[in-house]
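Asker: Quick one: sequence and predicted model below, then my questions.
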Amino acid sequence: MGQPLIGSLQTRARQFATVLLKESLDPGRAAAAVFLGIFVGILPIYGFQLLVAVSLAIFFKLNKPLTVAGTFVNNPLLQPVIIVCSVELGYLLRSGSFRPFHLSALSGPHVKEELLAWVMGSVALGLIAGGAGAAIAAVVVQLNAPANSGVRDRSRFVKQMFAQCDWADRSFVRWKLRLDRIFGLLAELLAAEDLGAGTVVDLGCGYGMALSLATFGGGSRRLVGCDLDAHRIAVAREALCTLNAELSVADVRDVGLPPAGLILILDVLQYLSAEEQLSLLQRCCSALVPNGVLVFRVHDRERGLWSVITLAFDRLVFACGRVGVQPVTLPAAQYESVLKNAGMQVEERRFRNRLPLAHILLIARKPLAGRITEEAVEATAEVSA
């Protein structure tokens, strides 16, 4: 009986460990667990750090192994550095400047002031180090998250399209696919055959990555793309040379739109004024064939801190690119209103990128001719009533 009992205990222990190690491993909660562990590990509550960290992880339902691992930042090798940095940060917060620190100060006549500086500085250091650790944890978990096979195959296909391009361009494409969730969402929609048929138009196509996604499994679709960046258009022409692609250096405000089954606008609208954005969307709705789909991305202005970070990041990109204007993002309701007035059926999907950026993916479908007529009759009847 001893052997079966031991075997049963070992099996249960392995099952418990497996569940423990895999609990709450989505990027946000993994980041929170690492932040909590590092923050508590830096606080000068020696002897209680592990107990406090685990208790808080249980209370907030965070991943306990990650939280415990974060507390190991306070180890014999790093502890002197943590103490000195904490005290110096405390000096900075209290007096506005750093001061030379000596361990003897912790036992001198001003010990209370030194301890207060230590506590204040440790809180500040914990926030800084915990934030950095949380960001790294979120990115690592996202990059290692399992993707469904359809999305993975499409991403691999796009990488192969750019295999002969220069190293810098290949690297950009690879990291863009990893960090920007828009391509995963597009791949999922395309895999579900939910993005229309016929000509694909990408306004502001850049390297043509989204156009490449649309041709997975068959390169017969006509691809039309434009962008103001001549280098990216040249790379796109090289990568998509075997496809039925027409790529040009042109401004989206002036480019002609052919009848299309799918129109993409991923990173362009914020460069245009409000009037230009709405005018472009109306043109796209007119260019779509019945059952055609317009897909575009805008910043989410209703996600609190995430929205602030997203808009700040966009301003930084504009400043580095010397665009000369400020990014313009309208409320999602205003975009939806224009689309619905054009007779489109609108779906909204809010998502966060692997970077801490919040976006909205708007999917507008043009109804079939018969359905348009029916909806127009219903609308007229409602107005008459």
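Answerer: Arrived safely.
Asker: Val298: what secondary structure?
Answerer: strand (DSSP: H, G, I helix; E, B strand; the rest coil).
Asker: My guess is it contacts Asp267. True?
Answerer: No - using C-beta atoms under 8 Å as the test, Val298 is too far from Asp267 to be in contact (10.0 Å). No exception for glycine: its C-beta is placed from N, CA and C like everyone else's.
Asker: Which one's more surrounded, the two?
Answerer: Val298 (19 against 16; other C-beta atoms under 10 Å).
Asker: how close does Phe318 sit to Ser55?
Answerer: Relative to Ser55, Phe318 is positioned 45 Å away (C-beta to C-beta, to the nearest Å).
Asker: More neighbours: which of these two?
Answerer: Phe318 (16 against 13).
Asker: residue contacts, that one?
Answerer: 325-327 (C-beta atoms under 8 Å, 6 or more residues apart in numbering).
Asker: Pop the domain breakdown of this structure in here.
Answerer: 2-143, 149-384 (automatic domain parsing).
Asker: Quick one: those as TSV, columns for mean pLDDT too.
Answerer: Converted to TSV, these look like this (pLDDT from 0 to 100):
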stretch	mean pLDDT
domain 2-143	79
domain 149-384	85
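Asker: Give me the buried positions along stretch 248-261.
Answerer: For stretch 248-261, burial by neighbour count (16 or more other C-beta atoms under 10 Å) applies to 252, 255, 257, 260-261.
Asker: Identify the farthest-apart pair in these.
Answerer: Val252 and Gly261 (18.6 Å; C-beta to C-beta).
Asker: the helices in the stretch 201-350 of the chain, which residues?
Answerer: 209-214, 230-239, 274-287, 305-320, 332-341 (DSSP state H, counting those that start in this stretch).
Asker: for the longest one, which positions count as buried?
Answerer: Along helix 305-320, these residues count as buried under the neighbour rule (16+ other C-beta under 10 Å): 306-307, 310-311, 313-314, 318.
Asker: Include distance to Cys284 when you put the residues you listed into a markdown table, please.
Answerer: Putting the buried residues of helix 305-320 into a markdown table (distance: C-beta to C-beta, whole Å) gives the following:
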| residue | distance to Cys284 |
| --- | --- |
| Trp306 | 27 |
| Ser307 | 25 |
| Thr310 | 24 |
| Leu311 | 24 |
| Phe313 | 26 |
| Asp314 | 22 |
| Phe318 | 23 |
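Asker: gap between stretch 305-323 and the chain center?
Answerer: 14 Å (C-alpha atoms, centre = their mean, to the nearest Å).
Asker: Could you do stretch 214-231 as well?
Answerer: The answer for stretch 214-231 is 24 Å, by C-alpha atoms, centre = their mean.
Asker: Could you work out the end-to-end span of it for me?
Answerer: 22 Å (C-alpha to C-alpha, to the nearest Å).
Asker: Check which residues of it are buried.
Answerer: Neighbour count says stretch 214-231 has 214-216, 221, 223-227 buried, by 16+ other C-beta under 10 Å.
Asker: Export those to TSV and append columns for distance to Thr199.
Answerer: Compiled in TSV, these are given as follows (distance: C-beta to C-beta, whole Å):
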residue	distance to Thr199
Ala214	10
Thr215	12
Phe216	16
Arg221	7
Leu223	8
Val224	6
Gly225	11
Cys226	13
Asp227	17
